[in-house]
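Asks: The sequence isn't on hand, but the structure is:
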């Protein structure tokens, strides 16, 4: 009987310890929660000389780098559908893979010149990417470009998977990095609206748009927007709020006579995109949300390459022809911009769970 009593005490102590761990994690995350203001002026690094732009053609590459942790050999446990256990999924990709993915990303960026790089999920000292400064790493590739970094994921300790306290995601510090061959006259981080419930919000991303303005010799401005909308929003309720907010920003700039180019990871498909021939399932939770065809007035154009999918499901390592893929990385341009070329860059997801998209535009 004494042994049974001790066993009961032990079980009760373990339950109490687990409850205290959960409560402590929630309290700590709430106290340290990143709560950015709606508008924050971004620091521009490696600043170029300020002068009006005489060029009329510009090239862009947008790419979600997946923090160099989600290349073809990797999976992410959370996308298996559980925050409680890793279920043999990767909480943190092995370091040898992270180094391999970073090198592949470096090689691609170095070999594909562009005037602007709109990058998402760029880590800045996060546990998941072994505390590498990926922003500085990329800047070393482009010593003649200025850049900004807009934080959108800043959590001291992400305690999932919950039942594996010694195998959690831990510290995450990540965001949008924008590199440019031209000097901006302003760079602002706009906080996007829409929130999850409290217990989820304090561990989730604070989604934003990084808006950069470049003076043109015409007296107008080239407005470049780097965007990353919410994921894990199956009903699309948060996405809708964010798109409406973005829409007003873009329309306001165009009404001033400015030229607007927005690119990034929208976490939804562009209007008119058909995805029947990619992947093995488009039912249930996998069914992608599409932006509405009449979201913007006539003349605004969505720029995407339907022949190359840009995102894969990361619940398992990538298998060509089997893994579910779709297209959620693309651009929007205002009516006073002509699209010369848009091209998806098919890397078979070797370096990230997203693929880069190239754009060439001409200002009218």
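Replies: Happy to help now that I have it. This structure is a prediction, so every number in the text was calculated from the model and none was measured.

Asks: Look through the chain and tell me its longest strand.
Replies: strand 146-158 (DSSP state E).

Asks: C-terminal to the lengthiest helix in the chain, what's the next element?
Replies: What stands out as the longest helix in the chain, according to DSSP state H, is helix 2-31. Sequence-wise, the next helix or strand downstream of helix 2-31 (DSSP states H and E) is strand 39-41.

Asks: Check which residues of that next one are buried.
Replies: For strand 39-41, burial by neighbour count (16 or more other CB atoms under 10 Å) applies to residue 40. (Glycine included, C-beta is placed from N, CA and C.)

Asks: So which elements touch the longest helix of the chain?
Replies: Using 3 or more CB pairs under 8 Å, 6 or more residues apart in numbering; DSSP states H and E, the elements in contact with helix 2-31 are strand 146-158.

Asks: Pull up the distance across stretch 201-218, start to finish.
Replies: 44 Å (CA to CA, to the nearest Å).

Asks: Now do that stretch: distance to the chain's middle.
Replies: Offset of stretch 201-218 from its chain centre (CA atoms, centre = their mean, to the nearest Å): 12 Å.

Asks: Next: stretch 74-94.
Replies: 19 Å.

Asks: For the residue lying closest to residue 61 once chain neighbours are set aside, grab the count of nearby residues.
Replies: Distances taken as CB to CB, 6 or more residues apart in numbering place residue 114 nearest to residue 61, at 4.4 Å, with adjacent residues excluded. Using other CB atoms under 10 Å, residue 114 has 21 neighbouring residues.

Asks: need the contact list for residue 114.
Replies: Contact partners of residue 114, counting by CB atoms under 8 Å, 6 or more residues apart in numbering, are 59-61, 358.

Asks: With residue 241 instead?
Replies: Contact analysis of residue 241 by CB under 8 Å, 6+ apart lists 192-194.

Asks: let's see it at 10 Å
Replies: Residue 241 makes contact with 192-195, 229-230, 233 under the criterion CB atoms under 10 Å, 6 or more residues apart in numbering.

Asks: quick one: the helices in the protein?
Replies: Under DSSP H, the chain gives helices at 2-31, 95-111, 134-139, 198-201, 237-255.

Asks: Least confident of those helices, on average?
Replies: Among the helices of the chain, helix 198-201 has the lowest mean pLDDT, at a mean of 74.

Asks: pLDDT weak spots in the chain?
Replies: Low-confidence segments of the chain, defined by pLDDT under 70: 81, 276-287.

Asks: domains of it?
Replies: 1-31, 36-363 (automatic domain parsing).

Asks: coming back round to it: how about the longest strand of the chain, which residues are buried there?
Replies: Neighbour-count burial for strand 146-158 flags 146-155, 158 (criterion: 16+ other CB under 10 Å).

Asks: Over to stretch 180-198?
Replies: Result for stretch 180-198 [16+ other CB under 10 Å]: buried residues 180-184, 187-192, 194.

Asks: I'd like the distance from it to the chain centre, please.
Replies: 12 Å.

Asks: Break down the stretch 201-350 of the chain into its strands, ranges please.
Replies: 208-215, 221-228, 259-265, 301-303, 311-312, 325-326, 329-333, 337-344 (DSSP state E, counting those that start in this stretch).

Asks: Present those as CSV; the columns should include distance to residue 21 and mean neighbour count.
Replies: Formatted as CSV, the strands of the stretch 201-350 of the chain follow (distance: least, CB to CB, whole Å; neighbours: other CB atoms under 10 Å):
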stretch, distance to residue 21, mean neighbour count
strand 208-215, 31, 23
strand 221-228, 31, 26
strand 259-265, 33, 25
strand 301-303, 46, 20
strand 311-312, 34, 25
strand 325-326, 37, 21
strand 329-333, 38, 26
strand 337-344, 44, 16
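
Asks: Same list (those strands) but as JSON lines, adding distance to residue 53.
Replies: As requested, the strands of the stretch 201-350 of the chain are arranged in JSON lines below (distance: least, CB to CB, whole Å):
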{"stretch": "strand 208-215", "distance to residue 53": "6"}
{"stretch": "strand 221-228", "distance to residue 53": "7"}
{"stretch": "strand 259-265", "distance to residue 53": "11"}
{"stretch": "strand 301-303", "distance to residue 53": "20"}
{"stretch": "strand 311-312", "distance to residue 53": "32"}
{"stretch": "strand 325-326", "distance to residue 53": "35"}
{"stretch": "strand 329-333", "distance to residue 53": "17"}
{"stretch": "strand 337-344", "distance to residue 53": "14"}
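
Asks: Tell me the span between the first and last residue of stretch 288-306.
Replies: 15 Å.

Asks: same thing with stretch 88-96?
Replies: End-to-end for stretch 88-96, by CA to CA: 18 Å.

Asks: buried sites along it?
Replies: 89-93.

Asks: Can you name the residues in contact with that stretch?
Replies: 66-71, 73-82, 86, 97-98, 100-101, 126-130, 132, 158, 160-161, 164, 167-170, 314-317.

Asks: just checking, which of these belong to strands?
Replies: Applying DSSP E to those, the entries found in strands are 158, 170.

Asks: Only the buried members of the contacts of stretch 88-96: can you turn that into a PyMOL selection?
Replies: Entered in PyMOL, the line below selects the buried ones among those, by 16+ other CB under 10 Å:
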select buried, resi 66+67+68+69+70+71+73+74+75+76+77+78+79+80+86+97+98+100+101+126+127+128+129+130+132+158+160+161+168+169+170+314+315+316
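
Asks: Residue nearest the middle of this protein, spatially speaking?
Replies: residue 120 (4.0 Å; CA atoms, centre = their mean).
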